[in-house]
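> What shape does this take:
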Amino acid sequence: MNPLLRKLLEPRPTEYLLVNHNFIIQETSAELHHYADTPGDAIPGADARISFPELIGIENILMSIIMGRLPSFELKGIARFADPNRPLYFDMLAIEHESEQEDVPSKLLILIEDVTEKMVMKQSLIQRANEANLLVSALAASKDYIDKVIRSMGDALLVTTTLGTIKTVNQSAQSLFGYSEAELIGHPLSIIVVEEKLLYQARHRYILSHQELLRELEVICTTKAGEEIWVEFSCSAIQTELQELYDFIYIGRDITERKQQEIEIRRSLAKEQELRQVKSRFFSMLAHEFGNPLSTVLFATKILQDYDDQITHAEKKEYLQHVKSASKHMAQLLDDMRLLSSAEAGKLEFNPAPVDLQKFCSELVESIKMSYGKNHRINFICPELVAPAKKTDRESEETQHWPALDSKLLRHILTNLLSNAVKYSPIDSNIYFELNCDNNQEAAFKIKDAGIGIPIEDQEQLFESYYRAQNVGKIPGTGLGLSIVKQCVDLHGGQIEFSSEIGLGTTFTVTIPFYK
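Have a look, this model is predicted:
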């Protein structure tokens, strides 16, 4: 006898389960769980229909067997696809199991026979017979016509067997994936399609229930060079000359560029939405920042106007000071906005000139103390003075060559960092401002506070316009300061770095090279 036929006719492993008239499992064989749709539920006491959904809908037939009205019932070719590369097929036979005791009702005995090898071999035999039949019956003219159509297609075309083995490819597919025809034909579709499991399941759903195949499915494919590309596939099934045997045709086009554009559009939309939110928060803060000093000005001027002859000179002086402080605050806000607008438009000018850094920083610290630091101790440290250059004959005796920096931009940098250190630090805390100069090559400004610190999740966006850290609470601010600082440092060709811990403070270090 033919070895293949002998193998097909050999006895198959048989398992069983015994159920009562309510389809509750009473007993099972040891290996039954291998055939269950949900292996963990194929145990005594469970409903058999949960682990074997094939029983749903045929309860009346099964009850007829238990009652002795029918001798048996058989289901053939039941499939399981827990492992897409190794499908499982089995036949199910239901018969009556009579109890030895007269008063105990009969039960239903369900026998399960493994026919996987038989089904796979059957499919293989059918496939080979079909291919041989096609080779014999195909007309040369028809084949030539089809080949010309396939070659002229701009989209990639692949034809596979039921199991996903590639049978035909056109030139566009070879160009798209970088393989030759010989390298593709006879190989599984998974050689190029990363998510071939989806296509495998779609093929078997169509075979078993003729459900519609996937249309316009976007999958990631891999070229011979290892490059990942996006391909949009449409899949169709073609009935071969052998009954119930299909070939599957995939027509795909490269949509990598479109997917990249979609990703960029989504990214741009997300960034635009984030920018709208940030600007919305900024305008809310700006309204608040202008609202408070404006209210102060209006209140003070109303008092001075309505009660001029009822208040003392000292009180008048105090109200005028409030007006002056509020006006100064608004002017500073407007100056920050103008400066940021100029920076973003590329119109911020860099005008270096000699600067006595020690004197400049000392005067700036005193100004900060008067304006912001009445309740804080600002300690200015200058361990090394900037040495003056040699005088020339044409220079007056009072003139010295100091490092060339843009004093206006430098004032913005240091004022912002020092005022932030004061603003975000507890009352009576120490703030350290250290100036170091490296051989007249560069200046390093270090400002250290013991304030609230900057959360790690906010540190990456700290220098973005309108952005404020999450833990600032009700401390006033617009989110412009550090953005301006970064722009001014960049114009100097310098660097700004910081380190921070929540509740322990922040240290900013600005390094600026001297202008040559």
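
> how much space between residue 351 and residue 491?
10 Å (C-beta to C-beta, to the nearest Å). For glycine as for every other residue, the C-beta is placed from the backbone atoms N, C-alpha and C.

> Find residues that contact each of these two.
residue 406 (C-beta atoms under 8 Å, 6 or more residues apart in numbering).

> So for these two, which residue has more residues nearby?
Between residue 351 and residue 491, counting by other C-beta atoms under 10 Å, residue 491 is the more crowded of the two (17 against 12).

> give me phi/psi at the more buried one?
phi -60, psi -30 (degrees, to the nearest 10).

> Ends of stretch 181-190, what's the gap?
16 Å (C-alpha to C-alpha, to the nearest Å).

> list the buried ones in that stretch?
For stretch 181-190, burial by neighbour count (16 or more other C-beta atoms under 10 Å) applies to 184, 188-190.

> try stretch 233-240
For stretch 233-240, the neighbour count (16+ other C-beta under 10 Å) marks 233, 235, 237, 240 as buried.

> Out of those, which one has the weakest pLDDT?
Lowest pLDDT within these is found at residue 240 (74).

> could you list every residue that touches that one?
Residues in contact with residue 240 (C-beta under 8 Å, 6+ apart) are 130, 134, 246-247.

> between those residues, which is closest to residue 43?
Residue 43 lies nearest to residue 246 out of those, by C-beta to C-beta, at 37.7 Å.

> and the closest residue to the closest one other than its chain neighbours, which of the three is it?
Excluding the flanking residues, the one nearest residue 246 by C-beta to C-beta, 6 or more residues apart in numbering is residue 237, at 4.5 Å. What DSSP: H, G, I helix; E, B strand; the rest coil gives for residue 237 is strand.

> wait, isn't residue 237 in contact with residue 199?
No: with contacts counted by C-beta atoms under 8 Å, residue 237 stays clear of residue 199, the gap being 11.7 Å.

> Spit out the residues that contact the two alike.
Counting by C-beta under 8 Å, 6+ apart, the contacts common to residue 237 and residue 199 are residue 248.

> that older thread, which of the contacts of residue 240 count as buried?
Neighbour counting with 16+ other C-beta under 10 Å marks 130, 246-247 as buried within those.

> distance of residue 38 from residue 58?
19 Å.

> what do you get for residue 37?
Distance of residue 37 to residue 58, computed by C-beta to C-beta: 15 Å.

> for residue 511, same thing?
Distance, residue 511 to residue 58, using C-beta to C-beta: 82 Å.

> Pick out whichever of those two has more residues nearby.
Higher neighbour count among residue 511 and residue 58: residue 511, with 18 against 14, using other C-beta under 10 Å.

> which residues touch the more buried one?
Residue 511 makes contact with 442-445, 494-497 under the criterion C-beta under 8 Å, 6+ apart.

> what's across from it in the sheet?
residue 444, residue 495 (DSSP bridges).

> Packing partners of the longest helix seen in the chain?
Of all segments of type helix in the chain, defined using DSSP state H, the longest is helix 256-306. Secondary-structure packing of helix 256-306 (3 or more C-beta pairs under 8 Å, 6 or more residues apart in numbering; DSSP states H and E): strand 228-239, helix 313-344.

> Out of those, which is the most enclosed?
Of all those, strand 228-239 carries the top mean neighbour count, a mean of 16, counting by mean count of other C-beta atoms under 10 Å.

> Mind listing the strands that one pairs with, and their directions?
Short version: by DSSP bridges, strand 228-239 pairs with strand 217-222 (antiparallel), strand 246-254 (antiparallel).

> Redo those as TSV? Include mean pLDDT and distance to residue 162.
Shown next, in TSV, are the strands paired with strand 228-239 (pLDDT from 0 to 100; distance: least, C-beta to C-beta, whole Å):
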stretch	mean pLDDT	distance to residue 162
strand 217-222	86	18
strand 246-254	85	6
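
> Kindly reformat those as TSV containing distance to residue 464.
Formatted as TSV, those follow (distance: least, C-beta to C-beta, whole Å):
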stretch	distance to residue 464
strand 217-222	33
strand 246-254	37
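
> Quick one: closest of those to residue 459.
Among the strands paired with strand 228-239, strand 217-222 sits nearest to residue 459 (C-beta to C-beta), with 34.3 Å.

> How far off centre is the closest one?
Distance of strand 217-222 from the chain centroid (C-alpha atoms, centre = their mean, to the nearest Å) equals 19 Å.

> and the angle for that strand with helix 256-306?
Here strand 217-222 points in a direction 110 degrees away from that of helix 256-306 (axes from the mean of the first three to the mean of the last three C-alpha atoms, to 10 degrees).

> Buried ones in strand 217-222, by neighbour count?
Residues 217, 219, 221-222 are the ones in strand 217-222 that count as buried (16+ other C-beta under 10 Å).

> before we move on, what about stretch 448-456?
Residues 448-454 are the ones in stretch 448-456 that count as buried (16+ other C-beta under 10 Å).

> what's the distance between the nearest residue to residue 354 once chain neighbours are set aside and residue 161?
Nearest residue to residue 354 in three dimensions, chain neighbours excluded: residue 402, at 4.3 Å (C-beta to C-beta, 6+ apart). The gap separating residue 402 from residue 161 is 84 Å, by C-beta to C-beta.

> Strands of the stretch 51-200 of the chain, start to end?
Residue ranges of the strands in the stretch 51-200 of the chain, as given by DSSP state E, counting those that start in this stretch, are 72-80, 88-97, 107-114, 156-160, 166-169.

> Ok, which of those comes nearest residue 515?
strand 156-160 (60.1 Å).

> average pLDDT across the closest one?
Rounded mean pLDDT across strand 156-160 is 87.

> List the strands paired with that strand, with their directions.
Sheet pairing for strand 156-160, assigned by DSSP bridges, gives strand 166-169 (antiparallel), strand 246-254 (antiparallel).

> Between the helices and strands packed on helix 256-306, which has the poorest mean confidence score?
Among these, helix 313-344 scores lowest, with a mean of 74.

> helix or strand right after that helix?
strand 353-354 (DSSP states H and E).

> other SSEs contacting that next one?
strand 404-405.

> which helices and strands does the next helix or strand after the strand it packs on pack with?
The first helix or strand that comes after strand 404-405 along the chain, using DSSP H and E, is helix 407-423. When contacts are defined as 3+ C-beta pairs under 8 Å, 6+ apart, helix 407-423 sits against helix 357-371, strand 430-438, strand 442-448, helix 481-491, strand 505-513.

> Out of the ones you listed, the one nearest residue 327 is which?
helix 357-371 (13.4 Å).

> Tell me which other helices or strands whichever helix or strand comes after the closest one touches.
The helix or strand immediately downstream of helix 357-371 is strand 377-381, counting by DSSP H and E. Contacts defined by 3+ C-beta pairs under 8 Å, 6+ apart place strand 377-381 against helix 357-371, strand 430-438.

> Run the angle between the shortest one and strand 505-513 for me.
Orientation note: strand 430-438 sits at an angle of 20 degrees relative to strand 505-513 (the same axes, to 10 degrees).

> avg pLDDT for stretch 375-392?
Mean per-residue pLDDT for stretch 375-392: 67.

> Please read the previous query as pertaining to stretch 441-460.
89.

> likewise stretch 33-50?
Stretch 33-50 comes out at a mean pLDDT of 89.

> tell me which residues of it are tucked away?
Across stretch 33-50, burial judged by 16+ other C-beta under 10 Å covers 33-36, 41-42, 46, 48-50.

> Filter those residues down to just the ones in helices.
Those of these lying in helices (DSSP H): 48-50.

> so can I have JSON lines of those showing distance to residue 330?
What follows is those, written out as JSON lines (distance: C-beta to C-beta, whole Å):
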{"residue": "48", "distance to residue 330": "81"}
{"residue": "49", "distance to residue 330": "77"}
{"residue": "50", "distance to residue 330": "73"}
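
> Could you single out the nearest of those residues to residue 93?
Closest to residue 93 out of those is residue 48 (14.3 Å), distances taken as C-beta to C-beta.

> distance of the closest one from residue 70?
Noted for residue 48: a distance of 18 Å to residue 70, by C-beta to C-beta.
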